[in-house]
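1. Below are the sequence and a predicted model for it; my questions follow.
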Amino acid sequence: MTTATARVARCLPTRLVAATARLLYPRCEPELSRLADLCPPGCGTAVDVGGWYGPWTHRLARRARRVVTVEPVPHLARLLSATAPANVRVVPAAASDRRGTARLWLPSGDAGDRGVSSLVRRDIHAHAVQVPCVTLDGLGLRDVGFIKVDVDGNEPAVLRGARNILTRDRPALFVELESRIQPIAPVVRFLADLGYAGWVLPSRSWLPLDPRILEAHQARTSYVVSHGLLRRVLPFRGPRYVNSVLFLPDGRRPCVTRFREGDRSGRGL
């Protein structure tokens, strides 16, 4: 279903829509305002897999020496190349576990601006375009401190294609996981085998990930996904839909000392 926000956005200049999305996005994904918890100080290379309009790319560019953004939608990759800071390299391709080409699936009437395109076809998808595929391990990256992955269902393949980086550099990972798209447990197990543990931010404090609780939360709040960006950032907008997990290796912890009264500090999500 196309939201009212998406319909209005079609009538506006793309650069204006992109700038507005970057400005508003931290309100619907508040982890973006907590980059100090995610991206380590002195980060050499940060990777944004699924750049979209660039809300993560632009903020990561202020914190990391280098940013590599992987974006398969051709016009979005061109937009990012034209508007991103000088320390950003844009790779116009889809990240996966192999090189080559693949079909990128999009909804009817959408060229990729809704941010729900994927190499994994779902019932919302109606047409596809051929795009090149790369692996993160094949990009020649060094000193990787942070990787964000938001690819609407292809997250497992992206992580498999980054196994060497995960083993060598031990970066922090911020991964979208949605049980309505794919099971959460396989990704959690894959990363646990590499020494990673998950954390979520349902409110003000980071809590240890419990996949069952996260899946139950997403089942209760999945209707929020149908809301447009503007509705999701309005005051009194109702519950937040938590769909991303911070994975840290080797016993590292986010800033879990920020518990406040009313936070469920004794439970994971």
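-> Arrived safely. Residues are numbered from 1 along each chain as shown.
2. Walking through the stretch 101-250 of the chain, point out its helices one by one.
-> For the stretch 101-250 of the chain, helices defined by DSSP state H, counting those that start in this stretch occupy the ranges 155-160, 163-169, 185-193, 211-221, 229-233.
3. highest average neighbour count across those?
-> Scoring the helices of the stretch 101-250 of the chain by mean neighbour count under mean count of other Cβ atoms under 10 Å gives helix 155-160 as the most buried, with a mean of 22. C-beta coordinates here come from the backbone N, C-alpha and C atoms, glycine included.
4. residues making contact with it?
-> 49, 95-97, 119, 136, 149, 151, 166, 173, 175-177, 182, 186-187, 190-191 (Cβ atoms under 8 Å, 6 or more residues apart in numbering).
5. swap in stretch 126-142?
-> Contacts for stretch 126-142 (Cβ under 8 Å, 6+ apart): 44-45, 47, 49, 68, 70, 72-74, 91-108, 119, 121, 147, 158, 161-165, 169.
6. Could you point out which of the helices of the stretch 101-250 of the chain sits nearest residue 15?
-> Closest approach to residue 15 among the helices of the stretch 101-250 of the chain is made by helix 229-233 (16.3 Å; Cβ to Cβ).
7. still on that earlier bit, can you select the buried ones among the contacts of stretch 126-142 for me in PyMOL?
-> Command for PyMOL that selects the buried part of those, burial taken from 16 or more other Cβ atoms under 10 Å:
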select buried, resi 44+45+47+49+68+70+72+73+91+92+93+94+95+96+97+102+104+105+106+107+119+147+158+161+162+165+169
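8. can you tell me which of the contacts of stretch 126-142 are in strands?
-> Using DSSP state E, 45, 47, 49, 68, 70, 91, 94-95, 100-107, 147 are the members of these that sit in strands.
9. can I get the helices of the stretch 101-250 of the chain in CSV with distance to residue 80 and mean pLDDT?
-> CSV is the format used below for the helices of the stretch 101-250 of the chain (distance: least, Cβ to Cβ, whole Å; pLDDT from 0 to 100):
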stretch, distance to residue 80, mean pLDDT
helix 155-160, 18, 96
helix 163-169, 21, 98
helix 185-193, 26, 96
helix 211-221, 29, 93
helix 229-233, 18, 53
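10. Rebuild those helices as CSV, extending it with distance to residue 31.
-> Shown next, in CSV, are the helices of the stretch 101-250 of the chain (distance: least, Cβ to Cβ, whole Å):
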stretch, distance to residue 31
helix 155-160, 16
helix 163-169, 20
helix 185-193, 17
helix 211-221, 14
helix 229-233, 14
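11. Go through the ones you listed and name the closest to residue 24.
-> Going by Cβ to Cβ, the one of the helices of the stretch 101-250 of the chain nearest residue 24 is helix 229-233, 4.9 Å.
12. Just give the nearest non-adjacent residue to residue 72, would you?
-> Nearest non-adjacent residue to residue 72, counting by Cβ to Cβ, 6 or more residues apart in numbering: residue 94, 3.8 Å away.
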